[in-house]
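S.K.: Next one to model:
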Amino acid sequence: MRKLIILLLFSQMFKYSAAQDIDSIIDVRDSQIYKIVTIGQQFWMQENLNFGVRIAGGINQANNSVIEKYCYNNNESNCNVYGGLYQWDEVMDYSPSDTGNPGVIRGICPFGWHIPTDDEWKELEKYLGMTQAEADLENTWRGTGVGTKLGSGGTSGYNALYSGRVSSSGSFSLLNEYEYVWTSTEYDDYAWRRCLNKYANDVGRWNTFLKSYGFSVRCIIDTSQFSYLSALDRNFRTISKMEFTDEKIADTLVLVNSSAGKIINITSINTTTSSFKVNTSSSVIPPGDSLFLYITLNAVETGIHYTDTLFIESDDPYKSTLIIPLKGYLEPVIADICIITVDTVSGKNLIVWEKDPYAGTAFYNIYREGSIIGQYDLIGTRTYNELSIFTDSTSMPAARTYRYKITAVDTVDHESPKSPYHRPLLLCYNGTYEGVHLHWVEYEVEGKLMDFEAYELYRGFDPNSLTKISEIPADVESYTDTDSIAQKKTCYYRLAGKITTPCCPTINKKFDIVFTHTFSNIEDNKLCAGCDVTPPTVPDGLQATVNGNIITLFWNSSVDDSGVEKYNIYNENHNKIATVYDTTHVFTGLEYDSTYYFLITAVDLSGNESGESSMISATTHEITGINDFIQSQIIIYPNPFNRSTTLRWNNPEGNAYTLYITDLSGKVYRVVEDINTSEYVLKKGELPSGLYLIELRGSEIYRGKIILNSNSH
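M.R.: The predicted structure follows:
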């Protein structure tokens with residue numbers, strides 16, 4: 001089994017004693033080795049941090065996903081001896097100040113280490129003999145004798161290197177005379193630092209230099225990391241708690257054994273209530289390996305904050321219990337659109353919704369479907385105290401129709417799932433022959449037609465002065481105006497749908513605006529304003545492949561002037577069984593030895609549906625002659641990976657395999673067919689970061705897990 005070495009590896013266990021050298025650690029990011037020392041109850045690096053890409057002094061270090069450093073006199077060899085010099089924001093990795101929260105900011109330190117706070121420096125200084133009153137003095141030298149203990153060869157073992165500094169303008173100075181070390185604690189627009197003078201016996205505590213100066217970094221170990229066993233999230237970041245919401249009711253906890261030689265036995269995994277379910281398939285973690293725990297929120301009601309604690313007991317000799325707080329909350333409501341109408345003044349789409357006074361909502365996000373079908377882009381935000389109406393200033397209602405969704409974001413920044421989409425009315429002129437012929441694309445809510453009481457049609461010779469001319473049943477989608485004058489001169493029309501339940505965009509319905517209709521665009525009888533009444537071409541080339549009880553359909557794209565939106569899949573009884581937004585679809589979990597029939601239609605952006613394709617059939621079958629599932633014989637390397645990884649398995653006869661990639665819920669993210677080799681390079685492509693299950697089906701079945709890292713430095 002390939003081991004995941006992802007933590008700092010310690011060559012021997014820590015022991016508490018003053019000035020006790022405890023050998024070295026390896027920063028796995030760049031294999032840099034640092035000596036470490038225990039001073040009192042703290043564990044410090046005995047050398048200055050030297051990590052990052054060197055840039056020239058005078059150029060500001062940037063928040064650009066690359067850790068940057070200065071080397072004294074722009075010479076890399078000086079970094080190898082004295083460590084790098086860093087601006088304060090870069091040191092913090094652009095995180096907030098650590099003030100009052102010791103150890104919470106890792107900054108640019110290795111995993112398990114962090115930037116020391118001002119208080120942690122005071123603890124070090126007091127251990128070496130400084131009084132509390134001396135430690136609290138500001139912008140002065142204090143603590144006679146403590147500077148000598150911290151200096152090069154001093155009794156504390158800290159071993160200052162007198163690495164100098166670089167100014168904001170890029171001027172280097174004071175090498176082999178002074179050492180300046182950042183803390184993670186701010187003071188107004190500055191940050192606390194420590195200063196050691198090679199020729200002085202005290203320690204300076206100052207907050208007078210700009211954060212753009214380049215100083216050294218000494219890392220201190222996290223007090224929670226004195227154990228072999230560590231808890232990480234699926235992207236291998238330190239985890240101290242787990243939170244679950246509507247959009248993430250299940251998550252993965254990774255336990256990692258950082259020991260080089262001891263097997264860790266998990267003796268028990270428990271929670272205190274039944275609100276969370278924990279599932280794992282193993283209780284033994286070999287040295288340098290990992291174990292995945294799958295945790296699911298088992299909530300039965302919405303609007304309730306669920307809390308619990310996960311206790312993980314093991315035979316780790318240094319910390320036998322890991323404690324992870326669990327929190328879960330399911331949103332009690334989903335923000336929903338009341339109606340979308342065309343503003344009679346601006347001619348733009350208005351999105352209208354009602355507020356829930358009990359939801360604890362802070363603001364609403366409004367989304368519109370973009371150029372990629374099914375992908376919604378944020379187009380605006382409204383706070384809870386604002387009128388719940390949003391004008392889409394970039395919409396063109398006379399040219400096309402749009403889909404909109406909204407969400408609610410609560411006071412703790414939890415965003416609800418997106419609402420069902422609304423697609424408003426679009427009125428079109430179809431021509432004049434024995435009357436003015438009008439047609440409209442009906443109002444749609446998540447694939448279903450809006451239930452109107454009736455339609456009302458307005459007409460006028462001035463677009464700003466229209467009069468109702470007819471009331472039309474709600475199940476009709478066209479109208480012919482036989483007025484003789486309307487057939488001879490330019491007329492303007494607007495359609496209104498009378499909604500069954502009035503919509504009020506604020507809480508107080510007694511005094512506020514009430515919407516009783518949704519209005520279409522204004523259309524004239526001389527020029528069709530982008531209305532499309534022509535369906536797409538019929539899909540062709542429909543084919544099916546069968547692998548056991550899995551049927552994969554694929555077909556050729558249809559053609560349409562306004563663009564194909566989706567495809568509907570029907571069975572032999574012409575009942576719709578699926579709607580997809582691509583030219584392929586996979587049906588899984590079907591009955592074995594059964595015949596299924598399929599046909600396809602295409603639907604364009606105006607809702608026009610094509611004719612049906614030719615019907616095809618496919619028969620599932622039992623997979624015979626397959627050995628038991630083989631997990632140990634598939635090799636995945638590297639794993640975790642960022643851009644690509646290689647799968648290798650035993651396939652000497654060149655049999656055809658199909659690769660399936662799914663998430664933990666079973667959602668299929670990718671299917672690759674006809675792999676005839678014993679090796680396949682899997683590229684990230686559009687896969688988001690996280691944990692996936694893979695399955696290779698052929699003459700044998702191989703299964704495994706892959707972890708796709710997020711892109712970060």
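S.K.: Near residue 156, how many other residues are there?
M.R.: Using other CB atoms under 10 Å, the number of residues around residue 156 comes to 22. Glycine gets a C-beta too; all of them are placed from N, C-alpha and C.
S.K.: Just confirm it is within a strand.
M.R.: No: using DSSP: H, G, I helix; E, B strand; the rest coil, the assignment for residue 156 is coil, not a strand.
S.K.: all strands in the stretch 1-150 of the chain, in order from the N-terminus.
M.R.: 20-27, 32-39, 42-45, 53-54, 68-69, 113-114, 140-142 (DSSP state E, counting those that start in this stretch).
S.K.: Name the surrounding residues that touch the fourth one.
M.R.: So that's strand 53-54. With CB atoms under 8 Å, 6 or more residues apart in numbering as the test, strand 53-54 has contacts from 66, 67, 68, 69, 70, 71, 74, 76, 79, 84.
S.K.: related to what we said a few turns ago, ranking the strands of the stretch 1-150 of the chain by burial, who's on top?
M.R.: Burial of the strands of the stretch 1-150 of the chain is given as mean neighbour count (mean count of other CB atoms under 10 Å); strand 113-114 ranks first at a mean of 25.
S.K.: Quick check: neighbours of the helix or strand harbouring residue 439 in the sheet, parallel or antiparallel?
M.R.: Element membership of residue 439, judged by DSSP states H and E, is strand 436-441. Its sheet considered, strand 436-441 pairs with strand 426-432 (antiparallel), strand 478-481 (antiparallel) by DSSP bridges.
S.K.: surely residue 303 meets residue 410?
M.R.: No: at 10.8 Å, residue 303 does not count as touching residue 410 under the criterion of CB atoms under 8 Å.
S.K.: Between those two, which is the more surrounded one?
M.R.: The neighbour comparison of residue 303 against residue 410 (other CB under 10 Å) goes to residue 410, with 17 against 13.
S.K.: ok, what's across the strand from that one?
M.R.: Applying DSSP bridges, one finds that residue 410 bridges with residue 361.
S.K.: Residue 363 is in contact with that one, correct?
M.R.: No: look at residue 410 against residue 363 with CB under 8 Å: they stay out of range, at 9.3 Å.
S.K.: helix or strand right after the helix or strand where residue 366 lies?
M.R.: Element membership of residue 366, judged by DSSP H and E, is strand 361-369. Counting by DSSP H and E, the next helix or strand C-terminal to strand 361-369 is strand 376-383.
S.K.: Return the set of buried residues in that following strand.
M.R.: 376, 379, 382 (16 or more other CB atoms under 10 Å).
S.K.: buried ones in the very next helix or strand once past it?
M.R.: Counting by DSSP H and E, the next helix or strand C-terminal to strand 376-383 is strand 389-392. Residues 389, 390, 392 are the ones in strand 389-392 that count as buried (16+ other CB under 10 Å).
S.K.: Please tell me how far the first one sits from residue 505.
M.R.: Taking CB to CB, to the nearest Å as the measure, residue 389 falls 5 Å from residue 505.
S.K.: Common neighbours of those two, please.
M.R.: With CB under 8 Å, 6+ apart, residue 389 and residue 505 have common neighbours residue 352.
S.K.: shaky segments in the stretch 351-500 of the chain?
M.R.: For the stretch 351-500 of the chain, applying pLDDT under 70 flags the ranges 357-360, 411-412.
S.K.: now the strands for the stretch 501-650 of the chain?
M.R.: 515-524, 543-547, 550-554, 564-570, 576-580, 584-587, 595-604, 616-619, 635-637, 644-648.
S.K.: so what does the fourth one touch, helix or strand wise?
M.R.: This means strand 564-570. For strand 564-570, the packing partners by 3 or more CB pairs under 8 Å, 6 or more residues apart in numbering; DSSP states H and E come out as strand 576-580, strand 595-604.
S.K.: Give me the contacts around that strand.
M.R.: 373, 536, 539, 553, 555, 557-558, 576-583, 585, 598-605, 609, 612.
S.K.: Make a PyMOL selection of the buried ones in those.
M.R.: Buried members of those, defined by 16+ other CB under 10 Å, are picked up in PyMOL with:
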select buried, resi 536+539+553+555+558+583+585+598+599+600+601+602+603+604+605
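S.K.: and residue 201, which of the strands of the stretch 1-150 of the chain is closest to it?
M.R.: strand 140-142 (9.3 Å; CB to CB).
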